[in-house]
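# Give me the fold of what follows.
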Amino acid sequence: MALPVMESMTSGRTEAQAASNASGVKRMVVFSNAFGMYPSAFFPKEPGAAYRMPELLLPLERHRHEMTIFSNLDHGLNIGHAGTPTFLNGIESKNARYHSDGNISVDQKAAEWLKATTRFPSLQTRVRGAKNSLSWTRNAVNLHGIGCKDLYDKLFLDLDANSRTQQDQRYEQETSILDVVREQAKTVHKGLGKNDQRKLDEYLNSVRSLETRFAQESQWLHKNKPQTKLRVPQDKFQRIEDEYDAHLELLALALQTDSTRVITTEFGMKPGDHDLSLIYHAYSHHGELPELVNGLITIETHQMECVARFLDRLKGTEDPLNGGTLLDHTMVLFGCGMATGHHSNRNLPVFLAGGGFKHGAHCASPEDKKVKVPLCNLLLSMLQNFGIETDQFGTSTGTFTQLEMA
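This is a model prediction of the structure:
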């Protein structure tokens, strides 16, 4: 198994580490899928703490006091499948330029603040063919996810001395090229019209993001990665259960070794998984046909079983930086920018576990559009819990006042 982070490993960290010493280290994990959840089997009928756990969430019953289920939260959008990539920001990429932070997603806002505190400011992963289009930089760049084998290599495979030297030279060369590009672009900028100046500014912002990334990566290049006795995962898994278990075990190890504190993961499936013959999308368009609904329930129940086991793992692992358990200091958010496969983006399926909040209830927000609570209010509260001093995120109108710290 991978070594956990130890006190002797934590010296020389960045300002985010120093800032977290007073309030404790926080982590953020987001799980999602592309098609939402079957609503009548996801949302409890009763508000408050005395709710009956719905069918899809029964695997999480043992964690009911460590999680909050939300209803009537969304981004006020009506864009079908295009809503899936907006889950963590509430803003379509085409509208990013109208917002001060662009369409940066909540995970990347947290990663941006962490900088090089950990080897990976964030990890984007995907299971079983999912795309993972959840993560967006402030320059409207979509960060796609990696699969199980690439995730293992990223976490535990060290470069040899020669490869590290070559990478050093590559960083230096790429940084020099970016310096030249930036200086030349400044010269061109003055002679352009307003629209072209805006496009060039967006380009320069992307250049600056690359410079920042190179600087962060170079700080960790000559520091050895954690060691593990975990077997190298295969490139392709025959059984969906094996792939999910291996993937989520790696995610838990990434947190335990403090390789990262921010993770986004999207769940998927392939025809033949769970003995189902159709693709995931086909089951999401069930038309209330029993055989398709039953298939969808099978898919979504498996996802919830995996999340429950992930929470088990965090709850059973000591937090070496804070005391208590990893779950005490890790916010685990599940949800999707699509409510159901029928292209609805209203009343998104969302629950939050861990992270030091007061949990144990079904939090039913108002349905009335005039007093509707944006999902970004919850995301803003998560950022504040993470340690970031901000009073605005995405389309938020304030913090989520019904969710309190323990």
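
# just the strands in the protein please.
27-32, 67-71, 123-127, 135-136, 142-143, 262-267, 330-335, 350-354, 362-364 (DSSP state E).

# Determine which of these approaches N162 most closely.
N162 lies closest, by C-beta to C-beta, to one member of those: strand 123-127, at 26.6 Å. Where C-beta positions appear, they are placed from N, C-alpha and C, glycine not excepted.

# among the strands of the chain, where is the model least confident on average?
Lowest mean pLDDT within the strands of the chain: strand 142-143, at a mean of 92.

# who does it pair up with?
Applying DSSP bridges, strand 142-143 is found paired with strand 135-136 (antiparallel).

# can I get the strands of the chain in a markdown table with mean neighbour count?
A markdown table is the format used below for those (neighbours: other C-beta atoms under 10 Å):
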| stretch | mean neighbour count |
| --- | --- |
| strand 27-32 | 26 |
| strand 67-71 | 23 |
| strand 123-127 | 25 |
| strand 135-136 | 26 |
| strand 142-143 | 17 |
| strand 262-267 | 27 |
| strand 330-335 | 24 |
| strand 350-354 | 24 |
| strand 362-364 | 21 |
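
# okay, these in TSV with distance to W113 next?
Below are these laid out as TSV (distance: least, C-beta to C-beta, whole Å):
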stretch	distance to W113
strand 27-32	11
strand 67-71	24
strand 123-127	16
strand 135-136	15
strand 142-143	16
strand 262-267	10
strand 330-335	14
strand 350-354	20
strand 362-364	26
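
# For H222, which of these is the nearest?
strand 123-127 (21.0 Å).

# Run through the neighbouring helices and strands of the closest one.
helix 148-156, helix 240-256, strand 262-267 (3 or more C-beta pairs under 8 Å, 6 or more residues apart in numbering; DSSP states H and E).

# what about dumping the CA coordinates of that strand to PDB?
The C-alpha atoms that make up strand 123-127 are tabulated as PDB, following Å, rounded to 0.1, in the frame of the first residue of the first chain:
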ATOM      1  CA  LEU A 123      -6.900  15.400 -10.700                       C
ATOM      2  CA  GLN A 124      -9.600  14.800 -13.400                       C
ATOM      3  CA  THR A 125     -10.500  11.200 -14.000                       C
ATOM      4  CA  ARG A 126     -13.100   9.100 -15.700                       C
ATOM      5  CA  VAL A 127     -14.300   5.500 -15.300                       C
END
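
# contacts for that strand?
The contact list for strand 123-127, computed with C-beta atoms under 8 Å, 6 or more residues apart in numbering, reads 132, 134-135, 143-148, 151, 154, 243-244, 247, 251, 254, 260, 262-268.

# Quick one: closest of the strands of the chain to M382.
Using C-beta to C-beta, the nearest of the strands of the chain to M382 is strand 330-335, at 5.6 Å.

# ok and that closest one relative to strand 67-71, angle-wise?
30 degrees (axes from the mean of the first three to the mean of the last three C-alpha atoms, to 10 degrees).

# Quick one: list the elements packing against strand 330-335.
Taking 3+ C-beta pairs under 8 Å, 6+ apart as the contact cut, strand 330-335 packs with strand 27-32, helix 290-315, strand 350-354, helix 375-386.
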